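# everything below, folded, please.
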Amino acid sequence: MMGQRSSGPIIFENEMFSLEQSVECPIPGYLIFRVKGETAGLAQLPAETAKALGKMLAQAVKAIEEAVRPERVYILSFCEVDPRLHFHLFPRTGWLLKEYFKANDCANDPVNGPMLFEWARGAFGPGSRMPKGTPDMETAGAAMRAILK
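Okay, the predicted model is just below:
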């Protein structure tokens with residue numbers, strides 16, 4: 001399908017959804033939550049799928065929180081490049097916020113989540129080195145898989 005992004009390591013998959021590590025920004029715990037099929041928006045989901053989506057989103061966020069220990073988990077859905085319904089589950093950790101403030105000289109400003117998200121995707125693209133002390137992506141992925149069994 002045109003615009004579809006490549007998949008990263010699978011964290012969880014069932015008949016309705018898949019969770020995979022982002023390949024575009026290898027921050028541990030940054031997952032792409034995909035609704036299987038061609039659905040383009042929440043309003044088009046059957047009621048049963050919508051209910052299951054809410055439960056699965058909560059479980060995925062819990063797995064990220066336990067495995068990576070972020071201060072917040074952002075949940076974003078744009079469906080622009082890949083028009084099928086999907087969500088970015090993005091862990092905003094203390095180390096990431098510190099790096100953002102340092103790079104943007106804005107430590108005294110309120111956190112702007114959308115700007116931080118966009119900055120992080122550029123600053124930590126494929127092949128990027130994470131700051132020392134950042135959880136290992138493979139270890140975080142294994143922990144999330146175990147939590148979501």
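
# for residue 27, grab the count of nearby residues.
For residue 27, the tally of surrounding residues (other C-beta atoms under 10 Å) stands at 26. From N, CA and C alone the C-beta is placed, and that goes for glycine too.

# same question but for residue 72, I mixed them up
Counted with other C-beta under 10 Å, residue 72 comes out at 15.

# so where's the longest helix in the protein?
helix 47-68 (DSSP state H).

# quick check: mean pLDDT of that one?
The average pLDDT within helix 47-68 is 97.

# off-centre distance for that helix?
Centroid separation between helix 47-68 and its chain, computed with C-alpha atoms, centre = their mean, to the nearest Å, is 12 Å.

# and the helix or strand following that helix, what does it pack against?
Downstream of helix 47-68, the first helix or strand assigned by DSSP states H and E is strand 72-76. Secondary-structure packing of strand 72-76 (3 or more C-beta pairs under 8 Å, 6 or more residues apart in numbering; DSSP states H and E): helix 47-68, strand 86-92, helix 113-123.

# what angle do the shortest one and helix 47-68 make?
Strand 86-92 and helix 47-68 are oriented at 20 degrees to each other (axes from the mean of the first three to the mean of the last three C-alpha atoms, to 10 degrees).
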